[in-house]
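S.K.: Build the 3D model from these lines:
(2 chains)
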Amino acid sequence: MPFRLPLYCALLVAWLPGLASTNSASADDLTFERDIRPIFRAHCFDCHGATDKVEGGLDLRLVHFQTTGGDSGAAIIAGQPDESLLLHRVASGEMPPGKEKVSAEELATLRQWIAQGAQTARPEPEEIPPGLGITPEERDWWSFQPIERPETPTVHEPSQVRTPIDAFVLAKLQQNNLTFSPEADRRTLIRRAYFDLLGLPPTTEQIEAFAGDPDPQAWEKLIDTLLESPHYGERWGRHWLDVAGYADSEGMTQDDRVRPDAYKYRDYVIRSFNADKPFDEFITEQLAGDELVPQPHANLTPEQIEKLIATGFLRMAADGTAGGVDQEMARNQVMGDTLKIVTTSLLGMTVGCAECHDHRYDPIPQKDYFAIRAVFEPALDWKAWKNPVQRRVSLYTDEDRAKAAEIEAEAAVVVQEKNAKQTVYMAEALEKELEKHPEELREQLRTASQTIAGERTPEQNQLLAERPSVNITPGVLYQYNQAAADDLKQFDKRIAEIRAKKPPEEFVRALSEPPGHLPETKLFHRGDYRQPQATIPPGDLQVASPEDQSAQIPVNNPELPTSGRRLAYAKHLTSGKHPLVARVLVNRFWMHHFGQGFVGTPGDFGRLGQLPTHPKLLNWLAAEFMENGWSLKQFHRQVMTSTVYRQSSRRRPEQDAIDSDNQLLARMPVRRLEGEILRDHVLAVTGTLQREILGPPIPVAQDDTGQVTVENNTPRRSIYIQQRRSQPVSLLTTFDAPIMETNCEKRTSSTVAGQALLLMNNTFITQQSQHLANRVFEVAASTEAPELPADLLARLARPRPDWSYGYGNFDEEAQRVEQFTPFETFDTETARWQGGSTLPSDETGWAMLMAHGGHTGQNPGFAVIRRWTATHAGNVSLSGTLQHGSEPGDGVRGRIVSSRQGVLGEWVAHNSQLETNVETFAVLPDETIDLVTDCRENVNADSFQWKVSLTHATETGSRTYDSAAEFAGPQDSLPPLANTIVPAWRLAFGRIPEPEEIQLAARFLATQLMLLQTAQDAEGKAFPPAARQRQALTNLCQQLLASNEFLYVD
Amino acid sequence: MNQQQPNRRDFLRHNAMGFGGLALASLLQDDLRANPAKPLERPASFDMKPKPTAFAPQAKAMISLFMHGGPSHVDLTDPKPELQRLDGTDYTGDVHYSFVNRASKRLLGSPWKFTKCGESGMELSELLPYTQKIADDICLIRSMQTGHNGHEVSIRYFHGGIPAVLGRPTLGAWLTYALGSETQNLPAYMVLVDPGGHPVDGVNNWTNGFMPPLFQGTVLRAQEPRILNLDPPPHLKGKLQAHNLDLLRTLNENHLEKHPGEADLEARIASYELAARMQIEATDALDISGETAATKTMYGLDEPETREYGTRCLIARRLIERGVRFVQLFLANQPWDNHSNLRGGLSAIAKRTDRPAAALVTDLKQRGLLDSTIVHWGGEIGRLPVSEGEGDACGRDHNGQGFSVWLAGGGIKPGFIYGETDEVGHKAVVDVVTPNDYQATLFHQFGLHHEEVRYLHNGQEQQITAGRPARVVHDILT
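M.R.: Next comes the predicted model:
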């Protein structure tokens, strides 16, 4: 094992599942500090050392305490394990009480240590202060060691090493007889880079340009281009918002109040990432931005506003203090959650576990928890709390305020004018009204009416109650004098117009420490705020600094109006010497690139967390990161240009056998898109994505099926969707977007049937599939059909309409329609197909067809023909009514004629109405059934009505065609479906389909057309031909959007 | 029983039936390699097909009514005359408190009466009038012990086998991994959550841990529609959607061929197939309108307090009837965590759950399903015999040292009481049962050896009990 753990760590982790363990063959004698104390810490100290009062008088913290022993005498006798009471008690299972027992290995260690003379690593003091303290052995834990740049290892096949990162990874692979996977092809690489850096797909054109770029620096150029994209900040900002616990609502209470200004922090994060703001600065602004802005926070410059917005980081915790029943508890909870956000995001330790007692596993005394709390207490003081409304900082400048006052004064003039006029109007109206009342009452009534409502005497009220019409108020003035009311309204409008000129007042949701406020932070016994104890000065985790150089966070910085604690703390964290901050950050960045970090528990670098898979590389990257000015973009360049990052994702059996979880990084992982990115991907390929960045959140609402959806389906990127804790968007959470309780240190990626159902049935996806189909049709209009078998091409040809309209001649001898000439003119006003632009036309006379019937042509050679064409083989039957409604003339003749079988029926109607039914007969594809109507001998009065219902039963089902209901003018002409396949693949997947895929899609579309023939649309109606084409393609598009190729990135 | 290492013939058959085409390719590669690497010990793919048991099982399915928070056994299931006698006096033994600041040593007798019930004479509290009626059908274990007072610590112990440790598969995941499912039309492992929200520890309660996501519990929403997006839009219903899904499967299989061995891709293919079948089967399973009025009344659907939980118990039965392996019901947050206002709080949650839980047992029995279905009722811890806080508003603190759960059906002895706590109900002292024992016993009833159902994770063979001491409690078996 190249990374050597201190022996004691190895022993400890041995009983923790899932952690690597080592079997140290050290021949050294066991020592208390290294080998025994961790066992006692986990099992015994709770009762025998951690607190002032020890059970049975036995304190196990020092060996000489143990030999002295407690109420029952000596706990151990050095060199005599069999005589040692402690060993007996533990071996018998009597101690520790409870289910969790000391393991057999631990017991053996104890025995061996006593047998070897119960040695200590160094002389013990006589006495020690209360508490467990921190031993040198505990300080040995890997994540507390200073970050030092390790030597780059040498490897066997240096040709695979592009960057030092590769050397570290390859060295480890080679130790395990593995090598890198081959490099992924360029199409895979560009897609990987786009999703990784932008969370959006490349277009086909971008893919092809990159695939064909002969420049050896093409990859580096691509990465630089992507890092300049404004969408980069949306993608990587979102990662930070996860750990910051970003939400647009307060949570905690039922009403889950909205935080109207929280989005400004989100935008700050996006802007900061886009600007590659050095992370030390980014952290400092978020922890102490307000301390960087002069007090009072007025007349702020844009830079100062930005720093105040940054402190929104410390305002992200769920907050029930707006209306909580128990304010003290609610406030302390906000403080606790805020500390959790700060410590998990920056320190990567479960510091919160030390709120109630010394941490059971990590060397974090309870005192440390409160020292960190003391850093924040002057700004987040539970005894001088600002509720969510009070904490808003107005961005009004003095100038704004003066301008607003000026405008208000201007408005006041008009208000006065209006009031004067109103008084006059009211008085006039009253006088007029009084005339309707007895003269003797008028004076009384006038006084009563003009007295303010609350000040009237009971007599006056009584009087007005009897004569309500005298009680004229401004609100009812219109009932007495409409013109006066209208006039007053004009004033209101003017006033509103004037006030609208005021500069809009904006707020930010900031943490702004009041000047000169230095509350004392108390350690709470058992974490209970009702039991305050000693005062704790501000500080950091003790183990995060060398023993003799603990972090200096002054109680007060006299040079600042505020305490300066957070600023000092931020400087300490970003000093470059903190062992945790840079490691935690680069581990998380790596996790976003590779799906897993070196440390699998990004929020816990302690003993219950996982050990780093590549500790040296983690150190190297952390050191590099700081040396490169904390530049994340530089980090991306280093990582993405490495061989590690450029590997193929394909699994290899020899790797799977050793490392199926890919901890050694012998390939790239295949990763499913996060919920937000999946939605963004869909919007991008359907062409609906609105790409503008930043701004207020898009509201969400619950629909009638209980799903929370985006208002108006606004197609902006998912990061801009309002994040209400109580109303997470179903589409996103179904794909594992976090529901913010506090913050999210690591996302999960589940695969459940609910996701499948969503992609099959959800309105979002069916609508987006339609958008994609429309887009595909547009492109297909200028696309050639791909190579396909002729029969398949024919089935996908532009569909014939079900019904066509024309005229022609019935050949009596052949008993067939001799020729069919489609009408060229459709008169939209009258909704009829006709022989020319005006009727009668020169050639065809009055020949025309409309929904319910028509008019025959001028002789039997110009019969009008309504033609139905069979798309598929099947059985057809018809029923209908032919009607002729006038006495003059000789009526009309109707024939039903099959192109294959000749006349199926013939009827003559003359001022009469006839059933025109045809029994079931078989049809073949493309067979036409014509409804032929001619004028017989006499061309007069040959208007007719003929409605026919035709039922076509095929192998997929049966459908009835209604000649009247389906009558239609010229149809949209969509490109043939065969031409849509290549564009569909290009738009959805950014690539050309393989020949087999083209065949697959073609067969799918052809079958869809057949199925749709007998299906019903969303309104329960049959699909007309163009709609069948459209729906078939929509269904194809939906399957592409739901496919694994779309959902995963290689 | 390890998840069986498929032999080559199985592989081929498997390929013919669907996903995992690349397993074949990798197999051929293996044959061609001169020095084949260590063979892959993990199956190339996972499925929900029924798997053989090690011996004849007593139970085929399980419904777990998980009672988050720690039901107060001394007020519900474990009467303690000595506690009543010493009510108000100080306890002389050691107590391990969670909330030291409010702790007292004053013993608090139960404010509720206990009655001997049924032929077994099992004593149960008046808070559980309906459970009293099924006393002869259940086996009451009064000696549960986790040894830990914390909620999450003990919850994870019950679900995952090790106290406090996250990231392990839950009992439902283990059972479905070992046994597959009797139905391929519904998820094998289903979770019915409370309208009030998730229980403490959230989704960890039904996680697949280090197993593939196929073994994760599928959550049924607490409100209609219980499964979102279950119904296809009208114009896709039937043949069209079936045809769509055919294409999708082909696209995904082609994609999988380029990504051999990616379990998640296979799982997603399976998830579409499951989803399609669920559309039919789940719609039917969730529709309780066809149940008789008598059944609905039995579950308490006629009363506002019991309607919601009763409906979920009834749905649980309908799921089991259709072959679902493991159903678990959860309550929002942890309603049994009665630190204060024991009198009001405990009565309310007992009222909400007692009748539906008893109805479930009775109903399963009437239908002949109880023989093959285990019903579990219980929380992760119990509560202390001493009072927490003062006066009428007092409650009880956590107690991981001794508490009760009950089991019914599936070859568990009916009308039987097992184990004892000490005279005041603090610690289990006779026939102590740990969550690992509980898991081992359940596995036994399903025809499995708990130590032999193994899952290979990063080179280590994992078991539900994680190699910790665990015994099958034979005394409670018929």
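S.K.: can you count the residues close to whatever residue of the stretch 451-600 of chain A ends up closest to chain B?
M.R.: Residue nearest to chain B within the stretch 451-600 of chain A (Cβ to the nearest Cβ): residue A:528, separated by 4.6 Å. Every C-beta, even on glycine, is put in place using the N, C-alpha and C of the backbone. By the criterion of other Cβ atoms under 10 Å in any protein chain shown, residue A:528 has 15 neighbours.
S.K.: Run through the chain and note the low-pLDDT ranges.
M.R.: Went with chain A since none was named. A:1-27, A:98-100, A:254, A:324-325, A:704-706 (pLDDT under 70).
S.K.: The chain in question should be chain B.
M.R.: The model of chain B has pLDDT under 70 over residues B:1-45, B:98-102, B:213, B:457-459.
S.K.: Now do the helices in chain B.
M.R.: B:8-17, B:21-32, B:73-76, B:81-85, B:129-133, B:151-160, B:171-179, B:239-257, B:263-286, B:293-298, B:304-321, B:342-366, B:435-445 (DSSP state H).
S.K.: For the residue of the stretch 451-600 of chain A closest to chain B, grab phi and psi.
M.R.: phi -90, psi 120 (degrees, to the nearest 10).
S.K.: on that earlier part again, in TSV, list the helices of chain B along with mean neighbour count and distance to chain A.
M.R.: Formatted as TSV, the helices of chain B follow (neighbours: other Cβ atoms under 10 Å in any protein chain shown; distance: least, Cβ to the nearest Cβ, whole Å):
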stretch	mean neighbour count	distance to chain A
helix B:8-17	13	13
helix B:21-32	16	5
helix B:73-76	29	17
helix B:81-85	15	21
helix B:129-133	20	27
helix B:151-160	25	9
helix B:171-179	27	13
helix B:239-257	19	4
helix B:263-286	21	4
helix B:293-298	14	23
helix B:304-321	21	14
helix B:342-366	22	16
helix B:435-445	25	9
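S.K.: Nearest to residue A:955, out of these?
M.R.: Closest to residue A:955 of those, according to Cβ to Cβ: helix B:239-257, at 11.1 Å.
S.K.: neighbouring contacts of that closest one?
M.R.: Helix B:239-257 has contacts (Cβ atoms under 8 Å, 6 or more residues apart in numbering or on different chains) with A:760, A:956-957, A:996-997, A:1000-1001, A:1004, A:1007-1008, A:1011-1012, A:1015, A:1035-1036, A:1038-1040, A:1042-1045, B:18-22, B:25, B:232, B:236, B:262, B:265-266, B:268-269, B:272-273, B:276.
S.K.: Stretch A:762-780 too?
M.R.: Contacts for stretch A:762-780 (Cβ under 8 Å, 6+ apart): A:679, A:682-683, A:685-688, A:707, A:709, A:713, A:731, A:758-759, A:974-976, A:979-980, A:983-984, A:986-988, A:1030, A:1033-1038, A:1040-1042, B:228-229, B:233, B:236.
S.K.: Please check the residues you listed and keep the buried ones.
M.R.: Using 16 or more other Cβ atoms under 10 Å in any protein chain shown as the burial test, the contacts of stretch A:762-780 include A:679, A:682-683, A:685-686, A:688, A:707, A:709, A:731, A:758-759, A:974-976, A:979-980, A:983-984, A:986-988, A:1030, A:1033-1038, A:1040-1042, B:228-229, B:236 as buried.
S.K.: Tell me, how many residues neighbour residue A:965?
M.R.: Per other Cβ under 10 Å, the neighbour tally for residue A:965 reads 13.
S.K.: Can you tell me the closest non-neighbouring residue to it?
M.R.: residue A:851 (7.8 Å; Cβ to Cβ, 6 or more residues apart in numbering or on different chains).
S.K.: And what about the residue of the stretch 601-750 of chain A found nearest chain B, helix, strand or coil?
M.R.: Nearest residue of the stretch 601-750 of chain A to chain B: residue A:654, at 3.8 Å (Cβ to the nearest Cβ). Secondary structure state of residue A:654, per DSSP: H, G, I helix; E, B strand; the rest coil, is helix.
S.K.: My guess is it contacts residue A:181. True?
M.R.: No: between residue A:654 and residue A:181 there is no contact under Cβ atoms under 8 Å: 10.9 Å.
S.K.: Pull out the buried positions in stretch A:418-434.
M.R.: Buried residues in stretch A:418-434, counted by 16+ other Cβ under 10 Å: A:418, A:422, A:425, A:426, A:429, A:430, A:433, A:434.
S.K.: and the residue lying closest to residue A:289 once chain neighbours are set aside, how many neighbours does it have?
M.R.: Take residue A:289 and drop its neighbours on the chain: the residue closest to it by Cβ to Cβ, 6+ apart is residue A:307, 3.6 Å away. The number of residues packed around residue A:307, counting by other Cβ under 10 Å, is 22.
S.K.: mind checking how far residue A:307 is from chain B?
M.R.: 36 Å (Cβ to the nearest Cβ, to the nearest Å).
S.K.: and that residue, what element?
M.R.: Assigned by DSSP states H and E, residue A:307 belongs to helix A:302-310.
S.K.: Skip the chain neighbours and tell me the closest residue to residue A:844.
M.R.: residue A:835 is the one closest to residue A:844 (Cβ to Cβ, 6+ apart), at 3.1 Å.
S.K.: Would you check that that neighbour makes contact with residue A:823?
M.R.: Yes: counting by Cβ under 8 Å, residue A:835 does reach residue A:823; the two are 6.4 Å apart.
S.K.: shared neighbours of the two, anything?
M.R.: The contact sets of residue A:835 and residue A:823 overlap at A:807, A:847, A:848 (Cβ under 8 Å, 6+ apart).
S.K.: Among those, which one lies nearest to chain B?
M.R.: For the shared contacts of residue A:835 and residue A:823, the nearest to chain B is residue A:848 (34.5 Å; Cβ to the nearest Cβ).
S.K.: quick one: contacts for the closest one?
M.R.: Contact criterion Cβ under 8 Å, 6+ apart gives A:823, A:832, A:833, A:834, A:835, A:839, A:854, A:855, A:864 as the residues in contact with residue A:848.
S.K.: Roughly how far does it sit from residue A:122?
M.R.: Noted for residue A:848: a distance of 112 Å to residue A:122, by Cβ to Cβ, to the nearest Å.
S.K.: now residue A:671
M.R.: 50 Å.
S.K.: who's more crowded, these two?
M.R.: More neighbours surround residue A:671 than the other of residue A:671 and residue A:122, with 19 against 9 (other Cβ under 10 Å).
S.K.: what sits against that one?
M.R.: A:595, A:749, A:1048, A:1049.
S.K.: Which element, helix or strand, includes the second one?
M.R.: Just to be clear, that refers to residue A:749. Short version, using DSSP H and E: residue A:749 is in no helix or strand.
S.K.: pretty sure it contacts residue A:675?
M.R.: No: checked against Cβ under 8 Å, the pair residue A:749 and residue A:675 is beyond contact range at 9.8 Å.
S.K.: The two - which one has more neighbours?
M.R.: residue A:675 (23 against 14).
S.K.: how close does that one sit to residue A:572?
M.R.: With distances taken as Cβ to Cβ, residue A:675 is found 37 Å from residue A:572.
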